[in-house]
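# sequence first, then the predicted structure, then my questions.
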Amino acid sequence: MDAVKEIREEDPCIGCFKLFIMICCVFGKDRVPGRDNFFKLLRRNKLMLNRSKPRHTTNSNHRYHKYKNRIKDFVPTGPHQLWVSDITYIGMNIGCCYLHLITDAYSHKIIGWKLADTLKAAITLDALSDAISQTDRNDLTGLIHHSDRGVQAH
């Protein structure tokens, strides 16, 4: 258990099976209990990892107004014709956060982003404002800003 604690100090998120393999390599398979008994020892000594919480993902089946898809069959031929927004979940040891992105569909360049601990639309609008302020064009006529039609499920 001391070796397990030492490994966990260096890498607190290492999975139990990987931990089992490492301990077998260090001490030899014949000097380590079987996998199930090893897991029981970890559980008894409170060295098991907490189960991860399920993530909230996009639900496109909602009753809210859905705007017409204006980019179906649209292929941009240059930059600043189509910007796409998305929210990406980032899991961390201390919780999670969300990366709100605005990407140019032609160049695939991220032109606006915000990192937040919330899914609020205002954060995505901040990322869009950043994208607009960073473009060298004064006139964005013809630009389509697209996002999926989903809402976050809870």
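It's in.
# CA atoms for contacts and neighbours, from now on please.
OK.
# tell me how far the residue lying farthest from the centre of the chain lies from Asn37.
For the chain, the residue at maximal distance from the C-alpha centroid (C-alpha atoms, centre = their mean) is Asp30, at 40.1 Å. Distance, Asp30 to Asn37, by C-alpha to C-alpha, to the nearest Å: 13 Å.
# Ile71 too?
From Ile71 to Asn37 the distance is 56 Å (C-alpha to C-alpha).
# kindly report the same for Ser147.
Per C-alpha to C-alpha, Ser147 is found 49 Å from Asn37.
# do Ala3 as well
From Ala3 across to Asn37, the span is 16 Å (C-alpha to C-alpha).
# and Thr135, by the same measure?
Thr135 is 60 Å from Asn37, by C-alpha to C-alpha.
# same question for Ile123.
Using C-alpha to C-alpha, we find Ile123 at a distance of 48 Å from Asn37.
# buried sites along stretch 12-32?
Cys16, Leu19, Phe20, Ile23, Cys24, Val32 (16 or more other C-alpha atoms under 10 Å).
# no more questions from me, cheers.
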